[in-house]
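below are the sequence and a predicted model; questions follow.
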Amino acid sequence: MTLLDGRSLAEIIEKQIIAQTDLFRGQKVVPTLAVILVGEDPASCAYVNMKVKACERCGVVCVAKKLPQEITQEELLKIIKNFNDDFEIDGILVQLPLPKHIETKSVLEAIDPQKDVDGFHPFNIGRVFAGIDAFKPATPMGVMSLLENYRIPLKGKNVAIIGASNIVGKPLASLMLNAGATVSICHIMTKDVGFFTRNADIVCVGVGKPRLICADMVCEGSVVIDIGINRLENGKLVGDVDFEAVSKKAAFITPVPGGVGPMTIVSLLQNTLLATKKRKIENNKKV
Ligand code: NAD
């Protein structure tokens, strides 16, 4: 069994990002990411802190805007508009989930698609679906680069994706389909998830339920990508896969933590650099 070591790969990619930001600085171009956090949900705060720290390590300026839980939708949209209009800001990220009184769809649609480094704007979602140049959502993008770096082929492979959210399962299915895989997407309504996983060469799970995927659900020699993040009562962080048992059957498997998580963060930085390059170097025009 080979461990798909996202942490080590992310460190290598971070070094490439640092080299790129150094090059940009030589051209007086400073990659800048705006991160908006509404409220104080502990998991969201932790994710935002990880993103801010990664920016610091990589020479990306991070403008973190922490807003109160009670902020109105109108006020939030105004802040996004200001970031859209600010030439210095290359990427805008709104940490999800948002409080219930704010309509997520309207907020995501308010972000300039050229600065949508999370790839959640319908413009980018559509382009990813069609297989054309776009900002890809960071988690599916991280999964794809992990597979690519370990030279795991996708063409003609059967892939089962468990979890069909707009940020994980659906875009991952598009990317895999466009890479030549045959993709099944399972979700809460799927009658027999095991039927799909047992017939898959590659199983990707992003649901948020510990031990959802156990050993009798995967075939010998499969590739298992665990996207789930769950905090157990004892404080331990685990994925959705019963790692102990499944790793005995899988040929390749991601650990949690240290698998898809770090790849998500570097993918966000790669998207930010892409936005910087397109806006400040290729276009070189004020917005
Ligand atoms: P979500 O709640 O939006 O979506 C969950 C999906 O799982 C839904 O499609 C739902 O139908 C499906 N589902 C629920 N129960 C199921 C079951 N018993 N069988 C099959 N499908 C079931 O969640 P999300 O935002 O997509 O996140 C999913 C998980 O991925 C969470 O654990 C989250 O923390 C994690 N996540 C990790 C990263 C990362 O960087 N590693 C990034 C984003 C999300």
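That came in fine, so what should we check first? Numbering: from 1, shown residues only.

neighbours of Glu75, how many?
Glu75: 12 surrounding residues under other CB atoms under 10 Å. Any C-beta I mention is one placed from the backbone N, CA and C, and that applies to glycine too.

who touches it in this structure?
Leu67 (CB atoms under 8 Å, 6 or more residues apart in numbering).

am I right that it is in a helix?
Yes - according to DSSP: H, G, I helix; E, B strand; the rest coil, Glu75 belongs to a helix.

that one and Lys65, how far apart?
Note on Glu75: its distance to Lys65, by CB to CB, to the nearest Å, is 11 Å.

cool, and Leu212?
Leu212 is 35 Å from Lys65, by CB to CB.

hey, where'd the helices end up in the stretch 101-250 of the chain?
For the stretch 101-250 of the chain, the helices defined by DSSP state H, counting those that start in this stretch cover 104-110, 122-130, 138-149, 169-178, 193-198, 243-246.

Ala160 is nearest to which of those?
With CB to CB as the criterion, Ala160 lies closest to helix 193-198 of the helices of the stretch 101-250 of the chain, at 4.2 Å.

picking up where we left off before, settle it for me: which of Leu212 and Lys65 has more neighbours?
Taking other CB under 10 Å, Leu212 and Lys65 do not tie; Leu212 has more neighbours (20 against 16).

how confident was the prediction at that one?
Looking at Leu212, its pLDDT is 98.

number of nearby residues for the residue lying closest to it once chain neighbours are set aside?
Nearest non-adjacent residue to Leu212, counting by CB to CB, 6 or more residues apart in numbering: Asp240, 4.5 Å away. The tally of other residues near Asp240 (other CB under 10 Å) stands at 23.

please report phi then psi for Ile92.
phi -130, psi 130 (degrees, to the nearest 10).

kindly apply the preceding question to Gln95 instead.
Reported as degrees, to the nearest 10, the phi and psi values for Gln95 are phi -70, psi 130.

which residues touch it?
35-38, 44, 47-48.

filter these down to the ones in strands?
35-38 (DSSP state E).

what domains does the record give for this structure?
For the chain, automatic domain parsing gives the domain ranges 28-118, 138-261.

what's the most buried one of those domains?
Using mean count of other CB atoms under 10 Å, the stretch among these with the greatest mean number of neighbours is domain 138-261 (a mean of 19).

briefly note if it comes near the ligand.
Yes - Domain 138-261 comes into contact with the ligand (CB under 6 Å from any ligand atom), by way of 139, 162-165, 167-169, 186-188, 190, 193, 206-209, 212, 227-230, 260-261.
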